[in-house]
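> A predicted structure for the sequence below; I have some questions about it.
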2 protein chains.
Amino acid sequence: MINRIAGRSRDPPDATPSLRCKGGPKLSKSLKKDVRNPQKARVSILDAAERAFAELGYGGASIRGIARDADVNQAMIHYYFQNKDQLFDEVIDRRAGAVNAQRNDALDRLFAEGVPTLEELMEALLRPTIEMGHDESRGGSAFARLVVSFSNSADERSRNMAIEHYDPIARRSIAAMRQVLPELDMAAAVRAYLFSISVALSVMARTGRAARLSGGLCNDSDTEETVSTTVAFSCAGIRALAKQAVNQFDENVE
Amino acid sequence: MINRIAGRSRDPPDATPSLRCKGGPKLSKSLKKDVRNPQKARVSILDAAERAFAELGYGGASIRGIARDADVNQAMIHYYFQNKDQLFDEVIDRRAGAVNAQRNDALDRLFAEGVPTLEELMEALLRPTIEMGHDESRGGSAFARLVVSFSNSADERSRNMAIEHYDPIARRSIAAMRQVLPELDMAAAVRAYLFSISVALSVMARTGRAARLSGGLCNDSDTEETVSTTVAFSCAGIRALAKQAVNQFDENVE
DNA sequence: GCATTTATCAAACGTTTGATTAATAGGATC
DNA sequence: GATCCTATTAATCAAACGTTTGATAAATGC
């Protein structure tokens, strides 16, 4: 009933995408931008996409706008990344791996010398995240906002992002918390971890609300103060949940 | 379900050039949906828009999709609301007022009988929010997710939402916290408030992650347990920030 | 020196978007 | 029974959307 004919193939692109794509720049003479620099185009696309997804959401970001911002031709995005979905995945991949590697390394180092304090543990977990969010020069702050806005969403894309990139380190962290604080039961540990991450994410978002509400007294940008405040808040909260669990146990026993 | 009869919008064009150029309702067969009910159309549009904005973001939600979900004609949305932006505002307006009224009332009642404990204060602030997020039947959970995904964003729409609907109660809450805990300085109080709200929002989002990570032990849906856990975590964290401020003062004095 | 591969481009494709319009039906009022 | 008002409709629009295409300049391999 609908004219689905016409010569457009809806087939998914080949696993080897480059064979059918040919072409070259029209402008050969002077005043071309530094062409022949694949690295740079790819990276600037990823940077622009990161900003766009963070500021506009997945649906609000457009391939055209990303291309314009990255100063590349629109088709380049489909040349380096099959489609919008894949582009989003690679934006996440690029940063999440680095931060989680830092967190894993920090955990390795900590537990190599015995069982650390709760404060040491939480700082090892939260510092890499917060520091990336404060790294304005290398573009981490855009990614931070991106993670924040997706981490509390319930759609499938967000769920997959969490499962693939953040659940593994979460499981390890939760186990570590219970090692440091044995009276923390599983349910409480999971909640404590998610609460702590949520606090860290809220400072990463840098919405400017803290400065607005405090009349400029709060400084979103002071990394060290942010880390120490976040760690202090989280550790106290976690100990409270551990104590709550013990109290409930006592009540049941009596 | 509903008869989307006749008038398919993408029908092949008539062979005979019809005289009528633009719209108008077609044949008035029997079994039309309950026409002449302005209230119902308006409300179902708001409900559908709430769900759409929550699940897809502002950019990802479409007027057509909202109309389909609300089972109204697409043009009805522009009849009741000027445009997409205005529709979003009214979605926020509808719920934010109710929750903040509850929180203000709770504060009034608390301080009428002197200065409350920190636990009483935080429960008064967090319970209405959490309860709305758990009110699946009245659609509050969709709004909860909507607020969560926008509260950590830095775009202009989110900032305006915060300034208009959430900054007033935030200012009052922060002042109340400092009344209850005088050693809490302004900057620490602002941070403590934002941290606590962030924790409450994370449980409102109900992403299912807690259940996944805990192997089903954590139950996102138990309102009372969620409230008591959230309050316990927040209060301990707030007291830690108050103590941190005092310690810093001591260090400076020495 | 020729063939292949890679990187880039402009232009188009069909679809979907937010928005508008003219037509009309139902009820109320006169 | 004509008139008016409000609610609702199908049709239509221009713009923007993600994606595909064919061409081609530059780099690389043999």
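Perfect, I can see it now.
> Show me where the stretch 151-254 of chain A has its helices.
For the stretch 151-254 of chain A, the helices defined by DSSP state H, counting those that start in this stretch occupy A:156-161, A:167-180, A:186-205, A:209-214, A:223-253.
> Single out the most deeply packed of these.
Across the helices of the stretch 151-254 of chain A, averaging neighbours per residue (mean count of other CB atoms under 10 Å in any protein chain shown) puts helix A:186-205 on top, at a mean of 25. Where you see a C-beta, it was placed from the backbone N, CA and C, and this is true even at glycine.
> now what about stretch A:150-157, what contacts it?
Stretch A:150-157 is touched from outside by A:58, A:85, A:88, A:158, A:161-162, A:166, A:197-198, A:201, B:55-56, B:145, B:148-149, B:152, B:201-202, B:205-208, with contacts defined as CB atoms under 8 Å, 6 or more residues apart in numbering or on different chains.
> Could you check the pLDDT of the closest residue in space to residue A:120 that isn't next to it in sequence?
Closest residue in space to residue A:120, ignoring its immediate chain neighbours: residue A:110 at 6.0 Å, by CB to CB, 6 or more residues apart in numbering or on different chains. We have a pLDDT of 96 for residue A:110.
> Neighbours of residue A:110, how many?
Residues within reach of residue A:110, counting by other CB atoms under 10 Å in any protein chain shown, total 19.
> how far off helix A:167-180 does the helix or strand harbouring it point, in degrees?
Secondary structure from DSSP states H and E places residue A:110 in helix A:84-112. If you take axes from the mean of the first three to the mean of the last three CA atoms, to 10 degrees, helix A:84-112 sits at 20 degrees to helix A:167-180.
> re the thing from before, out of the helices of the stretch 151-254 of chain A, flag the one nearest residue A:134.
Residue A:134 lies closest to helix A:223-253 among those, at 4.7 Å (CB to CB).
> got the angle for the closest one vs helix A:186-205?
Counting by the same axes, to 10 degrees, helix A:223-253 lies at 160 degrees to helix A:186-205.
> surely residue A:238 meets residue A:118?
Yes. Between residue A:238 and residue A:118 there is a contact under CB atoms under 8 Å: 6.5 Å.
> Now do the shared contacts for these two.
With contacts defined as CB under 8 Å, 6+ apart, the residues adjacent to both residue A:238 and residue A:118 are A:177, A:181.
> Low-confidence ranges, chain A, go.
By pLDDT under 70, the weakly predicted segments of chain A are A:1-38, A:245-254.
> ok so, going back, how about the helix holding residue A:110 against DNA strand C, any contact?
No. Helix A:84-112 stays clear of DNA strand C (CB under 7 Å from any atom of the strand), getting no nearer than 12.4 Å.
> Mind giving me the packing neighbours of that helix?
helix A:38-60, helix A:118-134, helix A:140-151, helix A:156-161, helix A:167-180 (3 or more CB pairs under 8 Å, 6 or more residues apart in numbering or on different chains; DSSP states H and E).
> For those helices, state which one has the densest average packing.
When these are scored by mean count of other CB under 10 Å, the highest mean neighbour count falls to helix A:140-151 (a mean of 24).
> What distance do you get for the most centrally placed residue in chain A to residue A:196?
In chain A, the centroid-proximal residue (CA atoms, centre = their mean) is residue A:147; its distance is 3.7 Å. For residue A:147, the distance to residue A:196 equals 15 Å [CB to CB, to the nearest Å].
> Please state the offset of the helix holding residue A:110 from the chain centre?
Centre-to-centre, helix A:84-112 and its host chain are 8 Å apart (CA atoms, centre = their mean, to the nearest Å).
> domains of chain A?
Following the assignment in automatic domain parsing, chain A carries domains at A:38-80, A:94-253.
> any chance of these in CSV, plus distance to residue B:230?
CSV is the format used below for the domains of chain A (distance: least, CB to CB, whole Å):
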stretch, distance to residue B:230
domain A:38-80, 27
domain A:94-253, 8
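> how about stretch A:152-168 as CSV, C-alpha atoms only?
Presented in CSV, the C-alpha positions along stretch A:152-168 are these (Å, rounded to 0.1, in the frame of the first residue of the first chain):
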residue,chain,number,x,y,z
ASN,A,152,19.5,8.3,35.7
SER,A,153,17.4,7.4,32.6
ALA,A,154,15.5,4.3,32.2
ASP,A,155,15.5,3.9,28.4
GLU,A,156,17.1,1.0,26.7
ARG,A,157,20.1,3.0,25.4
SER,A,158,20.9,4.1,29.0
ARG,A,159,20.4,0.7,30.4
ASN,A,160,22.8,-0.9,27.9
MET,A,161,25.4,1.8,28.6
ALA,A,162,25.2,1.0,32.3
ILE,A,163,25.3,-2.7,31.8
GLU,A,164,28.2,-2.7,29.4
HIS,A,165,30.4,0.1,30.9
TYR,A,166,29.5,0.6,34.5
ASP,A,167,28.1,-2.6,36.0
PRO,A,168,31.4,-4.4,36.2
